[in-house]
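# Provide a 3D model corresponding to the input given below.
(2 chains)
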There are 2 protein chains.
Amino acid sequence: MSLAAARVRVVDDTSTARRTAHAYVDLLERRDWSGLAALLTDDVVYEMPQTRERIRGRDTFLRFNTDYPGDWHLRPRRVVADGRFAALLLDVRVGDEQQDACVWLEMSEHGLVNKIIDYWPDPYDPPSGREHLVERW
Amino acid sequence: MSLAAARVRVVDDTSTARRTAHAYVDLLERRDWSGLAALLTDDVVYEMPQTRERIRGRDTFLRFNTDYPGDWHLRPRRVVADGRFAALLLDVRVGDEQQDACVWLEMSEHGLVNKIIDYWPDPYDPPSGREHLVERW
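Numbering: from 1, shown residues only, chains lettered A, B, ... in the order given. Model (predicted):
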(Lines give C-alpha, C1' and ligand atoms only; values in the text may rest on other atoms or scores of the structure.)
Protein backbone atom coordinates (compact mmCIF):
# COMPACT_ATOMS: atom_id res chain seq x y z
CA MET A 1 0.00 0.00 0.00
CA SER A 2 1.38 3.43 -0.94
CA LEU A 3 1.78 6.17 1.63
CA ALA A 4 -1.08 8.10 -0.02
CA ALA A 5 -3.30 5.01 0.08
CA ALA A 6 -2.35 4.43 3.72
CA ARG A 7 -3.35 8.00 4.56
CA VAL A 8 -6.72 7.60 2.84
CA ARG A 9 -7.22 4.35 4.78
CA VAL A 10 -6.54 6.13 8.07
CA VAL A 11 -8.90 8.96 7.16
CA ASP A 12 -11.60 6.43 6.28
CA ASP A 13 -11.07 4.55 9.55
CA THR A 14 -11.33 7.89 11.32
CA SER A 15 -14.61 8.76 9.60
CA THR A 16 -16.03 5.37 10.54
CA ALA A 17 -14.81 5.68 14.13
CA ARG A 18 -16.30 9.16 14.45
CA ARG A 19 -19.66 8.06 13.07
CA THR A 20 -19.64 4.98 15.30
CA ALA A 21 -18.74 7.02 18.39
CA HIS A 22 -21.64 9.41 17.78
CA ALA A 23 -23.99 6.47 17.12
CA TYR A 24 -22.83 4.71 20.31
CA VAL A 25 -23.96 7.61 22.50
CA ASP A 26 -27.10 8.29 20.50
CA LEU A 27 -28.27 4.65 20.63
CA LEU A 28 -27.57 4.40 24.37
CA GLU A 29 -29.48 7.64 24.97
CA ARG A 30 -32.44 6.32 22.95
CA ARG A 31 -32.27 2.86 24.60
CA ASP A 32 -32.13 1.43 21.09
CA TRP A 33 -30.70 -1.91 22.20
CA SER A 34 -30.90 -3.66 18.83
CA GLY A 35 -29.24 -0.68 17.16
CA LEU A 36 -26.54 -0.69 19.81
CA ALA A 37 -26.05 -4.46 19.45
CA ALA A 38 -25.41 -4.01 15.72
CA LEU A 39 -22.59 -1.59 16.54
CA LEU A 40 -20.66 -4.01 18.79
CA THR A 41 -18.50 -7.06 18.11
CA ASP A 42 -19.67 -10.36 19.67
CA ASP A 43 -16.75 -10.34 22.07
CA VAL A 44 -16.69 -6.63 22.93
CA VAL A 45 -14.90 -5.90 26.20
CA TYR A 46 -16.12 -3.15 28.55
CA GLU A 47 -13.81 -1.94 31.33
CA MET A 48 -14.25 0.41 34.28
CA PRO A 49 -10.69 0.88 35.61
CA GLN A 50 -11.83 2.80 38.71
CA THR A 51 -13.61 -0.30 40.07
CA ARG A 52 -11.42 -2.78 38.20
CA GLU A 53 -14.55 -4.28 36.66
CA ARG A 54 -14.60 -5.95 33.24
CA ILE A 55 -17.56 -7.18 31.20
CA ARG A 56 -17.02 -9.60 28.33
CA GLY A 57 -19.33 -10.04 25.35
CA ARG A 58 -22.10 -8.11 23.68
CA ASP A 59 -24.99 -9.85 25.44
CA THR A 60 -23.57 -9.23 28.90
CA PHE A 61 -22.76 -5.62 28.04
CA LEU A 62 -26.31 -5.03 26.81
CA ARG A 63 -27.70 -6.63 29.98
CA PHE A 64 -25.47 -4.36 32.08
CA ASN A 65 -26.96 -1.33 30.32
CA THR A 66 -30.61 -2.44 30.32
CA ASP A 67 -30.28 -3.22 34.06
CA TYR A 68 -28.50 0.05 34.88
CA PRO A 69 -30.59 1.95 37.44
CA GLY A 70 -31.80 5.55 37.12
CA ASP A 71 -33.18 7.66 34.29
CA TRP A 72 -29.74 8.50 32.91
CA HIS A 73 -29.18 10.79 29.93
CA LEU A 74 -26.07 11.18 27.81
CA ARG A 75 -24.94 14.06 25.65
CA PRO A 76 -21.60 14.15 23.83
CA ARG A 77 -19.58 17.25 24.69
CA ARG A 78 -16.60 16.23 22.60
CA VAL A 79 -15.92 13.43 20.11
CA VAL A 80 -12.32 12.84 19.03
CA ALA A 81 -11.71 10.12 16.42
CA ASP A 82 -8.37 8.89 15.15
CA GLY A 83 -7.97 5.78 13.03
CA ARG A 84 -9.63 2.95 14.93
CA PHE A 85 -9.79 4.89 18.19
CA ALA A 86 -12.24 7.42 19.55
CA ALA A 87 -12.55 9.36 22.79
CA LEU A 88 -15.83 10.77 24.05
CA LEU A 89 -16.34 13.41 26.69
CA LEU A 90 -19.91 12.96 27.87
CA ASP A 91 -22.29 15.10 29.86
CA VAL A 92 -24.24 12.59 31.95
CA ARG A 93 -27.38 13.52 33.85
CA VAL A 94 -29.57 11.56 36.24
CA GLY A 95 -32.36 13.79 37.50
CA ASP A 96 -30.72 16.94 38.85
CA GLU A 97 -27.27 15.33 39.12
CA GLN A 98 -24.64 16.00 36.50
CA GLN A 99 -21.36 14.22 35.92
CA ASP A 100 -18.84 14.12 33.10
CA ALA A 101 -17.64 10.78 31.77
CA CYS A 102 -14.57 9.96 29.68
CA VAL A 103 -15.09 7.06 27.27
CA TRP A 104 -12.40 5.43 25.14
CA LEU A 105 -13.53 3.32 22.19
CA GLU A 106 -11.54 0.92 20.07
CA MET A 107 -12.91 -0.36 16.77
CA SER A 108 -12.48 -3.70 15.02
CA GLU A 109 -11.14 -3.85 11.49
CA HIS A 110 -14.76 -3.87 10.34
CA GLY A 111 -15.56 -0.66 12.19
CA LEU A 112 -17.47 -2.22 15.09
CA VAL A 113 -16.78 -1.32 18.71
CA ASN A 114 -14.67 -4.04 20.30
CA LYS A 115 -13.40 -2.28 23.40
CA ILE A 116 -14.88 0.38 25.68
CA ILE A 117 -13.10 1.93 28.65
CA ASP A 118 -15.24 4.15 30.89
CA TYR A 119 -14.09 6.64 33.51
CA TRP A 120 -16.53 8.31 35.90
CA PRO A 121 -14.58 11.10 37.63
CA ASP A 122 -16.30 12.28 40.81
CA PRO A 123 -16.10 15.83 42.15
CA TYR A 124 -13.72 16.44 45.04
CA ASP A 125 -12.47 19.34 47.13
CA PRO A 126 -9.28 20.96 45.80
CA PRO A 127 -6.19 20.67 47.99
CA SER A 128 -5.20 23.85 49.78
CA GLY A 129 -2.11 25.83 48.82
CA ARG A 130 -2.92 26.70 45.24
CA GLU A 131 -5.71 29.21 45.77
CA HIS A 132 -3.45 32.02 44.48
CA LEU A 133 -3.18 30.30 41.10
CA VAL A 134 -6.76 29.24 40.45
CA GLU A 135 -10.26 30.60 40.13
CA ARG A 136 -13.31 28.47 41.02
CA TRP A 137 -16.54 28.14 39.15
CA MET B 1 -11.46 25.74 -0.33
CA SER B 2 -12.31 22.50 -2.14
CA LEU B 3 -13.49 19.45 -0.25
CA ALA B 4 -10.17 17.72 -0.99
CA ALA B 5 -8.22 20.74 0.25
CA ALA B 6 -10.41 20.86 3.36
CA ARG B 7 -9.66 17.19 4.04
CA VAL B 8 -5.91 17.73 3.67
CA ARG B 9 -6.22 20.69 6.06
CA VAL B 10 -7.97 18.52 8.64
CA VAL B 11 -5.36 15.76 8.27
CA ASP B 12 -2.57 18.33 8.71
CA ASP B 13 -4.26 19.80 11.80
CA THR B 14 -4.57 16.26 13.11
CA SER B 15 -0.87 15.54 12.56
CA THR B 16 0.03 18.75 14.37
CA ALA B 17 -2.38 17.99 17.23
CA ARG B 18 -1.00 14.46 17.61
CA ARG B 19 2.59 15.67 17.66
CA THR B 20 1.72 18.43 20.12
CA ALA B 21 -0.16 16.03 22.40
CA HIS B 22 2.83 13.68 22.55
CA ALA B 23 5.19 16.61 23.14
CA TYR B 24 2.94 17.99 25.91
CA VAL B 25 3.30 14.80 27.97
CA ASP B 26 6.94 14.32 27.15
CA LEU B 27 7.90 17.88 28.14
CA LEU B 28 5.92 17.67 31.39
CA GLU B 29 7.57 14.34 32.21
CA ARG B 30 11.02 15.82 31.55
CA ARG B 31 10.24 19.05 33.47
CA ASP B 32 11.28 20.92 30.34
CA TRP B 33 9.48 24.13 31.28
CA SER B 34 10.81 26.28 28.45
CA GLY B 35 9.93 23.57 25.94
CA LEU B 36 6.46 23.32 27.44
CA ALA B 37 6.04 27.11 27.42
CA ALA B 38 6.77 27.15 23.68
CA LEU B 39 3.90 24.72 23.14
CA LEU B 40 1.26 26.88 24.85
CA THR B 41 -0.60 30.03 23.85
CA ASP B 42 -0.14 33.08 26.11
CA ASP B 43 -3.72 32.82 27.31
CA VAL B 44 -3.99 29.03 27.62
CA VAL B 45 -6.80 27.94 29.93
CA TYR B 46 -6.44 24.88 32.18
CA GLU B 47 -9.55 23.38 33.80
CA MET B 48 -10.12 20.65 36.39
CA PRO B 49 -13.89 20.12 36.30
CA GLN B 50 -13.89 17.80 39.33
CA THR B 51 -12.78 20.63 41.61
CA ARG B 52 -14.21 23.40 39.42
CA GLU B 53 -10.78 25.02 39.29
CA ARG B 54 -9.55 27.09 36.36
CA ILE B 55 -6.10 28.52 35.66
CA ARG B 56 -5.64 31.30 33.12
CA GLY B 57 -2.46 32.05 31.23
CA ARG B 58 0.78 30.28 30.41
CA ASP B 59 2.81 31.70 33.29
CA THR B 60 0.28 30.69 35.92
CA PHE B 61 -0.09 27.25 34.37
CA LEU B 62 3.69 26.74 34.42
CA ARG B 63 3.81 27.88 38.06
CA PHE B 64 1.05 25.40 38.91
CA ASN B 65 3.15 22.61 37.41
CA THR B 66 6.52 23.61 38.84
CA ASP B 67 4.86 23.91 42.29
CA TYR B 68 2.99 20.61 42.01
CA PRO B 69 4.08 18.35 44.88
CA GLY B 70 5.42 14.81 44.54
CA ASP B 71 7.76 13.04 42.13
CA TRP B 72 5.03 12.46 39.54
CA HIS B 73 5.62 10.59 36.28
CA LEU B 74 3.45 10.53 33.18
CA ARG B 75 3.24 7.97 30.41
CA PRO B 76 0.76 8.20 27.53
CA ARG B 77 -1.36 5.07 27.22
CA ARG B 78 -3.43 6.42 24.36
CA VAL B 79 -3.27 9.54 22.17
CA VAL B 80 -6.26 10.33 19.98
CA ALA B 81 -5.97 13.38 17.70
CA ASP B 82 -8.68 14.84 15.50
CA GLY B 83 -8.36 18.20 13.77
CA ARG B 84 -7.56 20.74 16.48
CA PHE B 85 -8.50 18.39 19.33
CA ALA B 86 -6.64 15.65 21.12
CA ALA B 87 -7.45 13.31 23.98
CA LEU B 88 -4.79 11.67 26.13
CA LEU B 89 -5.19 8.70 28.43
CA LEU B 90 -2.28 8.91 30.84
CA ASP B 91 -0.70 6.48 33.25
CA VAL B 92 0.33 8.66 36.20
CA ARG B 93 2.63 7.42 38.94
CA VAL B 94 3.77 9.01 42.18
CA GLY B 95 5.99 6.57 44.04
CA ASP B 96 4.04 3.31 44.32
CA GLU B 97 0.70 4.95 43.56
CA GLN B 98 -0.82 4.68 40.12
CA GLN B 99 -3.73 6.60 38.65
CA ASP B 100 -5.08 7.11 35.15
CA ALA B 101 -5.82 10.63 33.94
CA CYS B 102 -7.96 11.78 31.01
CA VAL B 103 -6.71 14.94 29.33
CA TRP B 104 -8.50 16.90 26.62
CA LEU B 105 -6.47 19.35 24.55
CA GLU B 106 -7.63 22.05 22.19
CA MET B 107 -5.21 23.72 19.76
CA SER B 108 -5.08 27.25 18.42
CA GLU B 109 -5.09 27.90 14.70
CA HIS B 110 -1.29 27.97 14.91
CA GLY B 111 -1.12 24.52 16.48
CA LEU B 112 -0.41 25.65 20.06
CA VAL B 113 -2.29 24.32 23.05
CA ASN B 114 -4.90 26.85 24.14
CA LYS B 115 -7.15 24.74 26.35
CA ILE B 116 -6.50 21.78 28.64
CA ILE B 117 -9.17 19.90 30.57
CA ASP B 118 -7.91 17.37 33.11
CA TYR B 119 -9.85 14.59 34.82
CA TRP B 120 -8.37 12.57 37.68
CA PRO B 121 -10.74 9.63 38.24
CA ASP B 122 -10.23 8.01 41.65
CA PRO B 123 -10.79 4.33 42.36
CA TYR B 124 -14.04 3.39 44.13
CA ASP B 125 -15.87 0.28 45.24
CA PRO B 126 -18.34 -1.08 42.69
CA PRO B 127 -22.01 -0.99 43.67
CA SER B 128 -23.50 -4.35 44.57
CA GLY B 129 -26.01 -6.11 42.35
CA ARG B 130 -23.96 -6.55 39.21
CA GLU B 131 -21.48 -9.18 40.35
CA HIS B 132 -23.08 -11.73 38.01
CA LEU B 133 -22.18 -9.58 34.97
CA VAL B 134 -18.62 -8.54 35.76
CA GLU B 135 -15.20 -9.92 36.51
CA ARG B 136 -12.71 -8.02 38.70
CA TRP B 137 -9.03 -7.51 38.14
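
# can you pull the buried residues of stretch A:130-137?
Counting neighbours by 16 or more other CB atoms under 10 Å in any protein chain shown, one finds that the buried residues in stretch A:130-137 are A:130, A:133-134. From N, CA and C alone the C-beta is placed, and that goes for glycine too.

# Compute the first-to-last residue distance for it.
When the termini of stretch A:130-137 are compared using CA to CA, to the nearest Å, they are 15 Å apart.

# Would you agree A:L88 is in contact with A:L105?
Yes: counting by CB atoms under 8 Å, A:L88 sits close enough to A:L105 to count as a contact (7.0 Å).

# so what sits against both of those two?
Here A:L88 and A:L105 have A:21, A:24 as joint contacts, going by CB atoms under 8 Å, 6 or more residues apart in numbering or on different chains.

# Pretty sure A:H132 sits in a strand.
No: in this structure, A:H132 is coil, not part of a strand, as judged by DSSP: H, G, I helix; E, B strand; the rest coil.

# how far away is it from chain B?
9 Å (CB to the nearest CB, to the nearest Å).

# So what does that residue have for phi and psi?
According to degrees, to the nearest 10, the main-chain angles of A:H132 amount to phi -70, psi -10.

# Can you pull out the low-pLDDT segments for chain A?
Judged by pLDDT under 70, chain A has its weakly predicted residues at A:1, A:3, A:7-11.

# can you give me the helices for chain A?
Using DSSP state H, the helices assigned to chain A run over residues A:3-29, A:33-37, A:58-67.

# which residues are contacting the second one?
Under the contact criterion CB under 8 Å, 6+ apart, helix A:33-37 has outside partners A:23-24, A:27-28, A:58, A:62, A:65-66.

# Just give me how far it sits from the chain centre.
How far helix A:33-37 lies from its chain's middle: 15 Å, per CA atoms, centre = their mean, to the nearest Å.

# for the longest one, same thing?
Helix A:3-29 sits 14 Å away from the centroid of its parent chain (CA atoms, centre = their mean).

# Repeat that for the last one.
Centre-to-centre, helix A:58-67 and its host chain are 15 Å apart (CA atoms, centre = their mean).

# just the angle between that helix and helix A:3-29, please?
Direction vectors for helix A:58-67 and helix A:3-29, defined by axes from the mean of the first three to the mean of the last three CA atoms, to 10 degrees, enclose an angle of 40 degrees.

# what helices or strands is helix A:58-67 leaning on?
In terms of contacts (3 or more CB pairs under 8 Å, 6 or more residues apart in numbering or on different chains; DSSP states H and E), helix A:58-67 is packed against helix A:33-37, strand A:40-48.

# check contacts around the residue nearest to the spatial centre of chain A.
Of all residues in chain A, the one closest to the mean position by CA atoms, centre = their mean is A:V103, 3.2 Å from it. Shown here is A:V103, whose contacts under the criterion CB under 8 Å, 6+ apart are A:87-90, A:116-119.

# Please repeat the previous calculation with a cut-off of 7 Å.
Taking CB atoms under 7 Å, 6 or more residues apart in numbering or on different chains as the contact definition, A:V103 lies against A:88, A:90, A:116, A:118.
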